[in-house]
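**Q** For reference, the sequence and a predicted model appear below.
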Number of protein chains: 2
Amino acid sequence: MKRYWDAPVWIALGMLACVGIAGHAQTAPAARAQTMAEVLAASRPSDWHVLDPAYTLYLELASGRVVIELAPAFAPNHVANIEVLTREKYFDGLAFLRSQDNYVVQWGDPNGDDEKKRRSVGTAARTLKAEFSIPTGDKLKFTALPDRDGYAPQTGFSGDFPAARDPKSATAWLTHCYGTVGVGRDNDADSGGGTELYVVIGGARWLDRNITVAGRVVKGMELLSTLPRGTGALGFYENAEQDVPIESIRVAADVPVAERTNLEVLRTDTPTFMALIESRRNRHDDWYKVPAGYIDVCSVPIPVRTVGATKP
Amino acid sequence: MKRYWDAPVWIALGMLACVGIAGHAQTAPAARAQTMAEVLAASRPSDWHVLDPAYTLYLELASGRVVIELAPAFAPNHVANIEVLTREKYFDGLAFLRSQDNYVVQWGDPNGDDEKKRRSVGTAARTLKAEFSIPTGDKLKFTALPDRDGYAPQTGFSGDFPAARDPKSATAWLTHCYGTVGVGRDNDADSGGGTELYVVIGGARWLDRNITVAGRVVKGMELLSTLPRGTGALGFYENAEQDVPIESIRVAADVPVAERTNLEVLRTDTPTFMALIESRRNRHDDWYKVPAGYIDVCSVPIPVRTVGATKP
């Protein structure tokens, strides 16, 4: 399964809109097809932006650090509440309680269902009004994918996040892709608040607009995706010894500069990112025989690298 | 994230064809929407078929048994070759060499690149002509999904497998979904033969029609999806101590009856399976607020249970 780029295939980036069915859409020469590695190698420093420490969380496990970028543009109240919980050390010493194969891992208070034993939320709220989607308004930046999506009228990227929007209702929301961080809730739409969070480790697009998405994992997914699967219903661990402890969660801005993980993300509103999308829609290295002519929103990587690195 | 079914929503199963955009397609009352659990509970014994031991492999790891169903209808030559390799114990003592997060795990001969050291393939072939797709002919059973797909003109199910077909070229192929087992190859399309196999643990639809699919994992995926990720390029383990040994692979038919894992699979050419698809396209339990009105081929579970069990 080696992959090399070779064949000088010519494609027209701007003319690929709405090609939703597999088959290589070839129209007029415009730019040489590139591999993702080539796109990134040719990127300029201005194509990248540094993660905002004020909206970055470090989830510390015995196995290492997971870095989460929060999404205040899409879930302002939940993000603010999660930051209060974090700063008041609500999460420290809690644990991953659930690991359901090809779906989600989830952390929270092992005593969360027991009102007498559960941890206090301090000055935070235990529940909040749902933030399943936002009005797009006039200002929402959105880089649309050229391809049709099944779960939403349109998909693409907003800020550092895979997203969807509906022109009819003038709303937008974050899509459930690998690494998406969401807010667990009970049946009531407004029953979540951030005390229990999950991370998608499989497919879960059907959760879109059914739950508040608060961010995404930008580094350390492999620490979560390999957590032993729970054998109870919905992948919950059946006894407390199986729970995977959380040492702490911190807002990056509160961590000494020397201890931070300094990451930058490829901007999704750039020609470089558009070239990256095309490099994934149609792969032209020697290994591939049939370019897909399509990419779904969850299959487009949003590159992250150490600040100033020349390779991701 | 509890899920209960409650709301008595009425839907028309037969009238949902080609509804590809999110939004609950509600037309005329025909059948009460069911949850997947209800669909399975109402299934009849004839809705299920027992896995054919002649085309079932047991991959034995220290952590347990992985059960693989082979796909002779789609890759007859590769399946036959893999069975020769298996029966001549080619795989016994080899190892998983690769674990790439959100993509694939892969096993083979650690010395596979060294022509002098690599294991003999015995009476099997080392390479075969690619079997990326098959002619649909008149006989291929195919249960089409009502929804549009991006990567293929049409998706659905053939036998026990997620699949796609193209009416224009009159071809069909197996889609790369979670659990798909494929035949590793080098750049040459005809350079694979089954000595190195991979299992999809993430998204990989762009591999469709680029590689021979030989089967799918029907039980034990969690043993593979949690393998430690390799830190080398493409997720290969960087040193031999990290390799995950394979104790043996056996054709189920060659295993004493008392030691077999007796499984049956829900037939995909039944009204029960159509009801299952609908139960996943639109979830109507109390937890869900916005039914997706859509399902992609990789998100439809193909239920497997112990023979004669009343629950999966």
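**A** It's in.
**Q** use CA for all of it now, contacts and neighbours both
**A** Will do.
**Q** And the helices in the stretch 101-250 of chain A, which stretches?
**A** Secondary structure of the stretch 101-250 of chain A, counting by DSSP state H, counting those that start in this stretch: helices at A:221-225.
**Q** what's the domain layout of chain A?
**A** A:10-50+A:265-306, A:53-261 (automatic domain parsing).
**Q** And those: which comes nearest B:L61?
**A** Of all those, the one in closest proximity to B:L61, counting by Cα to Cα, is domain A:53-261 (15.7 Å).
**Q** what about the closest one, distance to the chain center?
**A** 9 Å (Cα atoms, centre = their mean, to the nearest Å).
**Q** Next, see if it gets close to chain B.
**A** Yes. Using Cα under 8 Å from any Cα of the partner chain, domain A:53-261 reaches chain B at A:101-102, A:147-153, A:178, A:184-189, A:201-203, A:206, A:208-210, A:221-222, A:225-229.
**Q** Among the residues you listed, which lie within strands?
**A** Assigned to strands by DSSP state E, none of the residues of domain A:53-261 next to chain B qualify.
**Q** I'd like to know which of these are buried.
**A** A:101-102, A:147-153, A:178, A:184-185, A:187, A:189, A:201-203, A:206, A:208-210, A:221-222, A:225-229 (16 or more other Cα atoms under 10 Å in any protein chain shown).
**Q** for chain A, which spans come out with low pLDDT?
**A** Applying pLDDT under 70 to chain A flags residues A:1-32, A:310-312.
**Q** go again using 50 as the cut-off
**A** A:1-30 (pLDDT under 50).
**Q** Show me where the stretch 151-300 of chain A has its strands.
**A** A:154-158, A:161-166, A:171-174, A:180-183, A:197-200, A:213-219, A:244-245, A:248-251, A:263-266 (DSSP state E, counting those that start in this stretch).
**Q** between the ones you listed, which gets nearest to B:I302?
**A** Here strand A:197-200 is closest among the strands of the stretch 151-300 of chain A (Cα to Cα), at 20.7 Å.
**Q** quick one: contacts of the closest one?
**A** A:103-108, A:176-184, A:216-217 (Cα atoms under 8 Å, 6 or more residues apart in numbering or on different chains).
**Q** Confirm for me that A:V244 is in contact with A:S99.
**A** No. In this structure, A:V244 is not within contact of A:S99 by Cα atoms under 8 Å, at 9.9 Å.
**Q** The two: which has the busier surroundings?
**A** A:S99 (30 against 20; other Cα atoms under 10 Å in any protein chain shown).
**Q** How about that one: what's its closest non-neighbour residue?
**A** Spatial nearest neighbour of A:S99, chain neighbours left out: A:V105 (4.2 Å); criterion: Cα to Cα, 6 or more residues apart in numbering or on different chains.
**Q** which residues does that neighbour contact?
**A** A:F96, A:L97, A:R98, A:S99, A:Y198, A:V199, A:V200, A:I201, A:L224, A:S225, A:L227.
**Q** Tell me which helix or strand the second one sits in.
**A** Take DSSP states H and E as the rule and A:L97 turns out to sit in strand A:95-100.
**Q** what's that strand packed up against?
**A** In terms of contacts (3 or more Cα pairs under 8 Å, 6 or more residues apart in numbering or on different chains; DSSP states H and E), strand A:95-100 is packed against strand A:104-108, strand A:244-245.
**Q** Make CSV from those strands and add distance to A:Y294 to it.
**A** Output for the helices and strands packed on strand A:95-100, formatted as CSV (distance: least, Cα to Cα, whole Å):
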stretch, distance to A:Y294
strand A:104-108, 26
strand A:244-245, 38
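**Q** most packed of these?
**A** The highest average neighbour count among these, using mean count of other Cα atoms under 10 Å in any protein chain shown, belongs to strand A:104-108 at a mean of 24.
**Q** In its sheet, which strands sit next to that strand, and in what direction?
**A** strand A:95-100 (antiparallel), strand A:197-200 (antiparallel) (DSSP bridges).
**Q** coming back round to it: what comes into contact with the strand holding A:L97?
**A** Contacts for strand A:95-100 (Cα under 8 Å, 6+ apart): A:104-110, A:227-230, A:234-237, A:242-246.
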